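Student: Using only what follows, build the 3D model:
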Amino acid sequence: MTKTSLLRALAAASLLALAAPAAAHDFKVGDLKIDHPWARATPGGAKVGGGFMKITNTGTQPDRLIGGSAEISAIFEVHEMKMEGNVMKMRALEKGLEIKPGQIVELKPGGYHVMFIDLRNPLKEGDTVKGHLVFEKAGKVDVEYKIESRASTGGTGHDAHSGHGTKAP
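Tutor: Residues are numbered from 1 along each chain as shown. The predicted structure follows:
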């Protein structure tokens, strides 16, 4: 192998190694792709946290996110926040979150999200938390949430919320 060939091979291997972590943070189950699950870091003593991601339905049938779990919390719920009049309200989605065929649903601060309730420990920036999501048709998929800085993600925090774990009327 010539020196030029060796350098090219090393450069290609380096590029592949750099791309692998990004690709490793996508998850797939059935016709659903879950892109970059993450959660915002929480201050010490926080009892709740929020989880976010993008879910793409590449199939021809709708599906629904109906539940899940995370190793860091006792309770996991699917929620939405929306304006009602001049007030932002949050509620658990008792029937889950529908993902229509061809649709990309973004779970993000101030919108759809998952709630980690009764946190066992604070969510620390740089950590990874294991969990799973459950879909009505596609079933269960293991995921990992990357914990990101509160400052880098903006939006509304979940640490000030109370009353989680109770059923919405």
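
Student: State the helix or strand in which Glu125 lies.
Tutor: Assessed by DSSP states H and E, Glu125 sits outside every helix and strand.

Student: any idea how far Asp118 is from it?
Tutor: Remark: distance between Glu125 and Asp118 (C-beta to C-beta, to the nearest Å) = 21 Å. All C-beta atoms are positioned from the backbone trio N, CA, C, and that covers glycine.

Student: Please apply the same query to Val29.
Tutor: According to C-beta to C-beta, Val29 stands 26 Å off from Asp118.

Student: neighbour count winner among those two?
Tutor: Neighbours per residue, other C-beta atoms under 10 Å: of Val29 and Asp118, the larger number sits with Val29, 19 against 13.

Student: Is Pro43 part of a helix or strand, or is it coil?
Tutor: Per DSSP: H, G, I helix; E, B strand; the rest coil, the secondary structure class of Pro43 is coil.

Student: What ranges does this structure have for its helices?
Tutor: Under the criterion DSSP state H, helices of the chain are mapped to 3-23, 150-153.

Student: weakest of those helices in terms of mean pLDDT?
Tutor: With a mean of 45, helix 3-23 has the lowest mean pLDDT of the helices of the chain.

Student: where along the chain do the strands fall?
Tutor: Under the criterion DSSP state E, the chain contains strands at 26-29, 32-40, 48-57, 63-70, 73-84, 87-92, 97-99, 104-107, 113-119, 128-135, 139-148.

Student: can I assume Leu93 is in contact with His79?
Tutor: Yes. Between Leu93 and His79 there is a contact under C-beta atoms under 8 Å: 6.5 Å.

Student: what is in contact with these two at once?
Tutor: Shared contacts of Leu93 and His79 (C-beta atoms under 8 Å, 6 or more residues apart in numbering): Tyr112.
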